[in-house]
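> coordinates only, sequence not included:
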């Protein structure tokens, strides 16, 4: 698969097949992705590969907290406190596309709740990658991490797999640290659902649009 196709094929997948992903494949993806750049070669990434009962236990605790009304609190602010209009509009359109694709009305709060709860099950993907970073690292390392995670997603596509990067999997960091105490002093960045796309599920049929480059690029001679 050429790079252009890989970039265009990558998307946030929200329904996965009940099909195992081999550890050899997972390790190969991470091995390739570790070549991502990082400032002064710090390589700040720390990754937990979570499958099977470990995944089920973690996801069930996430969902229980969510349905119990426990408000998520990430280790850092992912989204702005105050939204500028253009970003607010894109956020709104993103949600509307999801719910309209699934034929979930604005009034159907129960189905909205159930759909959102799937975030905490990693959309039933067989694998979760959780990403951690030392608390001493600064914003530059967050940029490095983004390049690493994008490399993982592209490598996965090249191998016929699907992904969904998820801030939601970092919304209950204390639960993560309780389940995996070896990371008790680390910051939880986010997670990534990994598996084989269920192409028969309508939720995977829509794609969020991207702005024309004329909207965000300026040229200087």
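Received it, and whenever you're ready, just let me know what you need. Keep in mind that this is a model prediction, so the values were computed, not measured. Numbers count the residues shown, from 1 in each chain.
> make it CA atoms for all contacts and neighbour counts henceforth
Fine.
> pull out the buried residues from the helix or strand containing residue 90.
Following DSSP states H and E, one finds residue 90 within helix 85-101. Using 16 or more other CA atoms under 10 Å as the test for burial, helix 85-101 gives 96, 98, 99.
> columns pLDDT and distance to residue 28 on top of those residues, output as a markdown table?
Listed next are the buried residues of helix 85-101 as a markdown table, based on pLDDT from 0 to 100; distance: CA to CA, whole Å:
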| residue | pLDDT | distance to residue 28 |
| --- | --- | --- |
| 96 | 95 | 36 |
| 98 | 96 | 32 |
| 99 | 96 | 35 |
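> of these, closest to residue 56?
Checking the buried residues of helix 85-101 against residue 56 by CA to CA gives residue 98 as the nearest, at 25.0 Å.
> excluding chain neighbours, give the residue nearest to the closest one in space.
residue 203 (7.1 Å; CA to CA, 6 or more residues apart in numbering).
> follow-up on the earlier one: and which of the buried residues of helix 85-101 is nearest residue 85?
Using CA to CA, residue 96 is the member of those that lies nearest residue 85, at 16.3 Å.
> distance of that closest one relative to residue 66?
22 Å (CA to CA, to the nearest Å).
> chain center to the lengthiest strand in the chain: distance?
Looking across the chain with DSSP state E, the single longest strand is strand 186-195. Mean-position distance between strand 186-195 and its chain equals 7 Å (CA atoms, centre = their mean, to the nearest Å).
> now it: buried residues?
Buried-residue list, strand 186-195, by 16+ other CA under 10 Å: 186, 187, 188, 189, 190, 191, 192, 193, 194, 195.
> just stretch 159-168 next, same as before
Buried residues in stretch 159-168 (16+ other CA under 10 Å): 161, 162, 163, 164, 165, 166, 167, 168.
> count of residues packed around residue 173?
Neighbours of residue 173 under the rule other CA atoms under 10 Å: 21.
> coming back round to it: how is the residue nearest to residue 98 assigned, secondary-structure-wise?
With DSSP: H, G, I helix; E, B strand; the rest coil as the basis, residue 203 sits in helix.
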